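**Q** following is a predicted model, sequence given first.
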Amino acid sequence: MPTIFTPRAATLLWIGLLVAGASSSYAQSGTAVPAKDSQAVRLSPEVRIQALPAPLSTTLKRNLIEPFLAEPMVIDEAALASAPRIVAAQENRVLLSKGDHAYARSTGGTPLEFNAGAERRFRVFRNATPLKDPGTGAVLGYEAQFIGSAILAASEGFEWVADGDKQVQRVVPATIVIAGSKEEIRAGDRLIEIAPARSDALVPHAAAAGTSAQIISVYGSSAINAGQNQVVVVNRGKTDGLKSGDVMAIQKRRATAIDKTAEGQTPMLLPEERNGLAMVFLTFEKVAYALVVQVTDTVRIGDRLTTP
């Protein structure tokens, strides 16, 4: 009589084959230990050693974060007061963009001098905003709103011209060419010369023990919140030991709450909570810029950066 498999019998057979296969595989990977019965084999697990892949390079090239850098610039009060300004435009234009010619004058500082052997480039900025320490209220510097760049094409100077029957001296402003713009440039905007480009790589590393700072601004935004890959300004700089590449932990600003379960409604100060990581990439004397590289919640002005 032929054997008939019921669904239950078929299921049990399938489970048996699966267990047998697993046992066979396990036997191959384990260490056989003879049992008292010479026909039985006792299995025991063993440790397998496998080499890890080569670690990733910890060097972060500057061009990898360039899309997140919006030409931040901090200047002191003296540099702000003496920064050359755009005074007029070619053909009396009101708004300037890439390729336009404009005219600029120094403001109590060194006259703008053209050098054919070395191109001089300038950042064009507007609305220098004071950056204040949240603890002391002291002005740490002035953050300039970057709106474009320009190249010096001709020096400024003076010329004597005839005015009726006498000679008078007239100002001849420097000529600049707008090399690029984030928004339209106009008379009154200021110039700061661009330092030679740095070619060094950023190497992320933990900030020195005990280092701390506080977020005082979100760069390029009027908002008080920042997210991942945004740039924040902190109230510590070179004089405080901050260096490019310093990685710091973001700590949420401590919140307050009321214990409503106790008599008297006890006020409480909640613990700090870690919220992510930020990497310092540009330092000035008293302030620095950091890129939010990892975050779990919104980063706010007033949050602290500490040693990770």
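**A** The structure has been received and is ready for your questions. Quick caveat, the model's predicted, so the values are computed rather than measured. Numbers count the residues shown, from 1 in each chain.

**Q** give me the below-cutoff pLDDT ranges for the stretch 201-308 of the chain.
**A** 201, 220-222 (pLDDT under 70).

**Q** could you pull out the strands for it?
**A** 205-206, 212-218, 225-226, 231-234, 246-251, 256-259, 266-269, 274-283, 288-295, 299-300, 304-306 (DSSP state E, counting those that start in this stretch).

**Q** partners of the first one, with directions?
**A** Looking back up the chat, that one is strand 205-206. Strand 205-206 sits in its sheet next to strand 246-251 (parallel), going by DSSP bridges.

**Q** and for the second one?
**A** Strands that pair with strand 212-218, judged by DSSP bridges, come out as strand 231-234 (antiparallel), strand 304-306 (antiparallel).

**Q** quick one: contacts of the last one?
**A** So the one you mean is strand 304-306. 207, 211-215, 234, 248-251, 253, 272, 278, 290 (CB atoms under 8 Å, 6 or more residues apart in numbering). For the C-beta atoms, the positions are set from N, CA and C on the backbone; glycine is no exception.

**Q** need the max-distance pair from those residues.
**A** 207 and 253 (19.2 Å; CB to CB).

**Q** those two: who's more crowded?
**A** Neighbour comparison, residue 207 and residue 253: the larger count goes to residue 207, with 24 against 15 (by other CB atoms under 10 Å).

**Q** out of the strands paired with strand 212-218, nearest to residue 85?
**A** That would be strand 231-234 among the strands paired with strand 212-218, by CB to CB, at 24.6 Å.

**Q** could you list the residues in contact with the closest one?
**A** Strand 231-234 is touched from outside by 68-70, 72, 131, 143, 213-220, 226, 242, 278, 280, 287-292, 299, 305, with contacts defined as CB under 8 Å, 6+ apart.

**Q** report the buried members of those.
**A** Buried members of the contacts of strand 231-234, counted by 16 or more other CB atoms under 10 Å: 72, 131, 143, 213-219, 226, 242, 278, 280, 287-292, 299, 305.

**Q** buried residues, stretch 297-308. List them.
**A** 299, 300, 301, 303, 304, 305.

**Q** no, scratch that, I was asking about stretch 124-131
**A** Of all the residues in stretch 124-131, those buried under the rule 16+ other CB under 10 Å are 124, 125, 128, 131.

**Q** what about the third one, distance to residue 148?
**A** When you say that, I think you mean residue 128. Residue 128 sits 15 Å away from residue 148, taking CB to CB, to the nearest Å as the criterion.

**Q** same check on residue 89?
**A** Look at residue 89 and residue 148: by CB to CB, they are 13 Å apart.

**Q** quote the end-to-end distance of stretch 285-298.
**A** Stretch 285-298 has an end-to-end distance of 28 Å (criterion: CA to CA, to the nearest Å).

**Q** ignore the last one, stretch 128-137
**A** 17 Å.

**Q** stretch 296-303 too?
**A** End-to-end span of stretch 296-303 (CA to CA): 14 Å.

**Q** residues in contact with that stretch?
**A** Contacts for stretch 296-303 (CB under 8 Å, 6+ apart): 134, 214-218, 224-227, 230, 232, 250-253, 275-276, 278, 292.

**Q** swap in 6 Å and give it another go.
**A** 215, 224, 225, 226, 250, 252, 253, 275, 276, 292 (CB atoms under 6 Å, 6 or more residues apart in numbering).

**Q** may I ask which two of those residues are separated the most?
**A** 224 and 276 (16.7 Å).

**Q** so for these two, which residue has more residues nearby?
**A** Set residue 224 next to residue 276 and count neighbours by other CB under 10 Å: residue 276 wins out with 19 against 13.

**Q** wait, what's in contact with the more buried one?
**A** Contacts for residue 276 (CB under 6 Å, 6+ apart) come out as 250, 294, 295, 296.

**Q** with adjacent residues omitted, what lies nearest to it?
**A** Nearest residue to residue 276, sequence neighbours excluded (CB to CB, 6 or more residues apart in numbering): residue 295, at 3.6 Å.

**Q** with that, I have no additional questions.
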